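Asks: need a 3D model of the sequence below.
(one chain, ligands or ions: 1)
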Amino acid sequence: MDFSFETIQSFVWVFIAIYVVYWIKKPRISKNEPPMVPYKFPIIGHTLDYLFNAEKFLAECRQKYGDPFNIYVFGQVNTIAGNEIGHEIYLTEVFSLRSAMREKFPLNRVLNCFDNPEKIEQVIKTIREGITANLSLYTERIQKQLMISINKEIGDCSNPKLIITANRNFSSVIARPVADILVGQEISENEDVIKAFANFTKDFTSILKIPPILSFIHPKVHIEFITLPLRFGWSPIRRHVITLKEHLRPILEKRLKDKEILGDKYEPPLDIIEYFLNNPVYETKVITDDYLNKICNFLFVIIVTSIHTTSRHITSALYDFAGRPELWDDIYEEQVRIDKECNGELSLQHINKMVKLDSFVRESLRTFDTVVGSPHRCLESYTFKNGMTIPKGRIVQTYLMDIHYNTTAYGPEPRSFLPYHGLENNFPATKTDKNYFIFGSGKHACPGRFLAVNEIKIGMHKLILNYHIKTPSGKIEKKVYYGPYAVPPATGLIFENRKK
Ligand code: HEM
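Replies: This is a model prediction of the structure:
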């Protein structure tokens, strides 16, 4: 075979380019760092194992190299912190989830307040003061909205009905109560608004479906590439922002007018938009387009953090319930007793009495089975208590499976489903703990977890009271994996009316 001079020249250039990338990207691990797991292929490193075999691969690394260890994925060294060391990440401000998320979930490119630490602090304060502190006042409305959703999405099942949960994962079920809390009862009756709430995250994450090949050069190159269309004016979420603005404007204008006319006699509705109108930072006399953009930006941050997460976990808890017939009667009996006690109208006290259901939900959250998650960026060089040091800029991932399946906390068979572990050990589903990281831990632990668990418990209570729920196979269905991240099974659930 003859090669022309040009062909040989091209080969040489390709070789030089690969060598330069290899040399630049070659991980440089200093002496005191966690051990680097050896790999066979330069540049690719452990990427394939991480994507297609994460559970087994990381378990083998953990066994061989201890905790923590370093792996090389998508051209970056990642430190994997497990059961012994993981909690340290959450005890100091040296590690930042927000900084790491910018390269994984570039929401800041469509919601500019996501890039502003002060605004995010305001979001967190709003969740704590405006939602969690008022949870008892919201309970009746959450219940009502969940029942509307259940009747619409599941409805009459005189004959068994298969509801396919894939992709949607009951996001519109959860969107309704969240809309009620954020924008009030009147706007949340509008189906377009509910759709905007339910689909915002799914539509935004459509840009994340592009495989991160360019991350091998640098994660920022990949992010610049996938967000390129946004710079030319295309936005996957624009229509949702327009819908919300359209419906917010007349309501906000009416509230300002009512306030002016009624003065002290004005009765402020309980919702987050009213919380804004009374907040010195967001006070206004006139509803301008700029003001609406500001409010929508803020609301969509709460929507992104609250709906997708909660709907994914209520779906998963339903699969966990449906696949375990041995638990059905016990949990059903608790719901019947509480339903009789409250005459169908739950208060926060009644929800707190659902101790078996709470323990079941905690166990479903613990065994959700994402292998690693919650990436945090190390903002300055840090030395762990065991003396190992990691450099500034390093991404540290929490090895959730190692934490959630540790034998010290969960006994000799930590992978089995222990429905009453929380109840027996006085660990409610909302309580963060070094053996339970589903809501993170420390200062930045999820501020929305009280709302999330309440929605899941109310939703499950109503569903279990009204329906027999089964999996199509009659067994526990397997989760679906995207690399190391788990999502609920996609087989669907069978609902059948309970005989009253
Ligand atoms: C089952 C549902 C949910 C899960 C599993 C979940 C999980 C998490 C996790 C793991 C974190 C990171 C914590 C850390 O770094 O220590 C977090 C943060 C956060 N979550 Fe949730 N979450 C859920 C529901 C919600 C809801 C309903 C809201 C809002 C009402 C919310 C708002 C937030 C916010 C604003 C943060 C950022 C906190 C900060 O940076 O300080 N989450 N969540």
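Asks: what residue ranges in the stretch 151-300 of the chain are flagged as low confidence?
Replies: The model of the stretch 151-300 of the chain has pLDDT under 70 over residues 166-167.
Asks: can you give me the strands for it?
Replies: Assigned strands in the stretch 151-300 of the chain, in chain order: 161-163 (criterion: DSSP state E, counting those that start in this stretch).
Asks: of all of it, which residue lies closest to the ligand?
Replies: Closest residue of the stretch 151-300 of the chain to the ligand, Cβ to the nearest ligand atom: V178 (7.4 Å). Bear in mind the C-beta positions are built from the backbone N, C-alpha and C, glycine included.
Asks: repeat for the stretch 101-250 of the chain
Replies: Closest point on the stretch 101-250 of the chain to the ligand, by Cβ to the nearest ligand atom, is I127, at 4.8 Å.
Asks: okay, that residue: pLDDT?
Replies: Note for I127: predicted pLDDT of 96.
Asks: what number of residues lie near it?
Replies: Using other Cβ atoms under 10 Å, I127 has 22 neighbouring residues.
Asks: my guess is the residue of the stretch 151-300 of the chain closest to the ligand meets I303, correct?
Replies: Yes - between V178 and I303 there is a contact under Cβ atoms under 8 Å: 6.8 Å.
Asks: for the two, indicate the residue with more neighbours.
Replies: Using other Cβ under 10 Å as the criterion, V178 and I303 rank with V178 on top: 28 against 23.
Asks: that one: what's it in contact with?
Replies: Listed by Cβ atoms under 8 Å, 6 or more residues apart in numbering, the contact partners of V178 are 197, 302-303, 306-307, 310.
Asks: swap the cut-off to 6 Å and go again
Replies: Going by Cβ atoms under 6 Å, 6 or more residues apart in numbering, V178 touches 306-307.
Asks: so how far is I307 from it?
Replies: Using Cβ to Cβ, to the nearest Å, one gets 6 Å for the distance from V178 to I307.
Asks: tell me, what residue is most central in this structure?
Replies: Taking Cα atoms, centre = their mean, the centroid of the chain lies closest to T309, which sits 3.6 Å from it.
Asks: does it count as helix, strand or coil?
Replies: Under DSSP: H, G, I helix; E, B strand; the rest coil, the three-state class of T309 is helix.
Asks: nearest spatial neighbour of N70, skipping sequence neighbours?
Replies: Counting by Cβ to Cβ, 6 or more residues apart in numbering, M36 is the residue found nearest to N70 once chain neighbours are left out, at 4.5 Å.
Asks: if we can go back for a sec, chain neighbours aside, what residue packs nearest to the residue nearest to the centre of the chain?
Replies: Among residues not flanking T309 along the chain, A452 sits closest, at 6.6 Å (Cβ to Cβ, 6+ apart).
Asks: near the ligand, which residues of the stretch 101-250 of the chain?
Replies: Counting by Cβ under 6 Å from any ligand atom, the stretch 101-250 of the chain comes close to the ligand at 123-124, 127, 131.
Asks: from these, which ones fall inside helices?
Replies: Those of those mapping onto helices are 123-124, per DSSP state H.
Asks: ok, back up a step: check contacts around the residue of the stretch 101-250 of the chain closest to the ligand.
Replies: Contacts here follow Cβ under 6 Å, 6+ apart; on that basis I127 touches 447-448.
Asks: one more pass at 7 Å, please.
Replies: Going by Cβ atoms under 7 Å, 6 or more residues apart in numbering, I127 touches 302, 447-448.
Asks: again, but for S149
Replies: Shown in contact with S149 (Cβ under 7 Å, 6+ apart): 172-173, 176.
Asks: picking up where we left off before, just the buried subset of the contacts of I127, please.
Replies: Buried members of these, counted by 16 or more other Cβ atoms under 10 Å: 302, 447-448.
Asks: export those residues to CSV and append columns for pLDDT.
Replies: Formatted as CSV, these follow (pLDDT from 0 to 100):
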residue, pLDDT
I302, 94
P447, 97
G448, 98
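Asks: surely Y485 touches T370?
Replies: Yes - checked against Cβ atoms under 7 Å, the pair Y485 and T370 is within contact range at 5.2 Å.
Asks: more neighbours: those two, which one.
Replies: T370 (20 against 15).
Asks: tell me the contacts of that one?
Replies: For T370, the contacting residues are 400, 484-486, by Cβ under 7 Å, 6+ apart.
Asks: among those residues, name the ones in strands.
Replies: 485-486 (DSSP state E).
Asks: drop anything exposed from the contacts of T370.
Replies: Buried members of these, scored by 16+ other Cβ under 10 Å, are 400, 484, 486.
Asks: which of those residues sits closest to V241?
Replies: Nearest to V241 out of the buried ones among the contacts of T370 is A486 (Cβ to Cβ; 30.3 Å).
Asks: go ahead and confirm that closest one touches G373.
Replies: No - using Cβ under 7 Å, A486 is not in contact with G373; the gap is 9.2 Å.
Asks: in the stretch 1-150 of the chain, which spans are strands?
Replies: Counting by DSSP E, counting those that start in this stretch, the stretch 1-150 of the chain has strands at residues 69-73, 76-81, 95-96.
Asks: right, so of those, which gets closest to the ligand?
Replies: strand 95-96 (8.7 Å).
Asks: next up, the contacts around the closest residue to P27 other than its chain neighbours.
Replies: Excluding the flanking residues, the one nearest P27 by Cβ to Cβ, 6+ apart is V77, at 4.7 Å. By Cβ under 7 Å, 6+ apart, the contact set of V77 is 27, 70, 394.
Asks: where along the stretch 51-200 of the chain do the helices fall?
Replies: Counting by DSSP state H, counting those that start in this stretch, the stretch 51-200 of the chain has helices at residues 54-65, 86-89, 97-101, 117-126, 135-153, 171-183, 191-204.
Asks: ok now stretch 276-292, how far from the chain's centre?
Replies: Centre-to-centre, stretch 276-292 and its host chain are 29 Å apart (Cα atoms, centre = their mean, to the nearest Å).
Asks: name the residues of it that are buried.
Replies: Residues 276-277, 282, 287, 291-292 are the ones in stretch 276-292 that count as buried (16+ other Cβ under 10 Å).
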